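*Asks:* Sequence plus predicted model, see below.
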Amino acid sequence: MKLRWLWINWLPAQMQFANSLLVVILIPTFAYVVYPALNRLWAMTPLRKIGIGMVVTAASFLVPIWIETQIQKGQQPSIGWQFFAYIFLTAGEILVSIPALEFAYTQAPKKMKSLIQSINLLSIALGNIFSALVNHVIENPDGTSKLPGASYYVFFAIAMMVTTLLFIPVARRYKQREYIQDESPAEAQP
C-alpha cells in the first residue's frame, strides 16, 4: 500500500487510531443528525438500529475486499482506504453496540438488569471467540491463511449477513416492553 496519505507517512499500525477518533466524532453525529433523519422515515427502535448496524458492518468488509483485490492485481492503493473502511466499521459499531446496551437495559425488569447486561456482554465475548476460532482453523501450519487476501473478508461479510438474516425475523417478532429503573427525585439546589 502507499503509506503516504494526507501529507503524512503512516506506519501500517497507526491507521487503527481511526476507530477511536471516529467513535468520538460519530456518536454525537448519530445522536443529533442520523437518528433524527432516519426517525422521519420510521421509528428508530433499538432493534432497528441494531439491524441497520449489522448490514452496515457487513458492508464495511467491502472496502478491504476491494483493497485486497487491488493489491492482488499489483496495484498500490492508498492507506487512506483503510480510514474509509473504518468509517463504515465504526458506524456499524455505533449502530449495534450502543442500542444493544440500551435494549438490554430497557427490556430487563429491575431485578434482572445486571443479568441481562452480562448476557449482552457474553454475546460480544462469543463473537470474539468465533473470530478467534475461525482464525485458528484457517491458519496453515506454515502460518499462512487458508483464506488469503480478499477471501478472508468475504467470509466475514457473508457470516455477518447470515447473522443479520437470522436476526431480522427474531427482531420483528419481539414484543418490546419498557422497564426503566426507578429514579430518585432530584435534590433542590441551595
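*Replies:* On my side now, so go ahead. Quick caveat, the model's predicted, so the values are computed rather than measured. Residues are numbered from 1 along each chain as shown.
*Asks:* which residues touch the spatially most central residue of the chain?
*Replies:* Most central in the chain under Cα atoms, centre = their mean is Glu93, positioned 2.6 Å from the mean C-alpha point. Each residue near Glu93 by Cβ atoms under 8 Å, 6 or more residues apart in numbering is listed here: 19, 23, 53, 57. C-beta coordinates here come from the backbone N, C-alpha and C atoms, glycine included.
*Asks:* What's the local residue count around Pro109?
*Replies:* Pro109 sits with 11 neighbouring residues when counted by other Cβ atoms under 10 Å.
*Asks:* again, but for Ala171
*Replies:* What Ala171 shows, counting by other Cβ under 10 Å, is a neighbour count of 18.
*Asks:* Look up how far Thr57 lies from it.
*Replies:* Going from Ala171 to Thr57 by Cβ to Cβ, to the nearest Å gives 15 Å.
*Asks:* low-confidence ranges in this structure?
*Replies:* Counting by pLDDT under 70, the chain contains low-confidence residues at 178-190.
*Asks:* now the helices for it?
*Replies:* Under the criterion DSSP state H, helices of the chain are mapped to 17-29, 35-39, 46-60, 62-72, 80-107, 113-137, 150-173.
*Asks:* between those, which gets nearest to Leu11?
*Replies:* Nearest to Leu11, of all those, is helix 17-29, at 10.6 Å by Cβ to Cβ.
*Asks:* contacting residues around the nearest residue to Glu68 once chain neighbours are set aside?
*Replies:* Counting by Cβ to Cβ, 6 or more residues apart in numbering, Ala150 is the residue found nearest to Glu68 once chain neighbours are left out, at 3.9 Å. Counting by Cβ under 8 Å, 6+ apart, Ala150 touches 64-65, 68-69, 72.
*Asks:* who wins for neighbours among these?
*Replies:* Among the contacts of Ala150, Pro64 has more neighbours than the rest - 21 neighbours, counting by other Cβ under 10 Å.
*Asks:* shouldn't that residue be in contact with Ser151?
*Replies:* No: the pair Pro64 and Ser151 fails to qualify as a contact (Cβ atoms under 8 Å) at a distance of 11.2 Å.
*Asks:* hmm, back to that, pick the one among the contacts of Glu93 closest to Thr106.
*Replies:* Nearest to Thr106, judged by Cβ to Cβ, of these is Gly53 at 17.2 Å.
*Asks:* Could you check how far that closest one is from Ile94?
*Replies:* Counting by Cβ to Cβ, the gap between Gly53 and Ile94 amounts to 7 Å.
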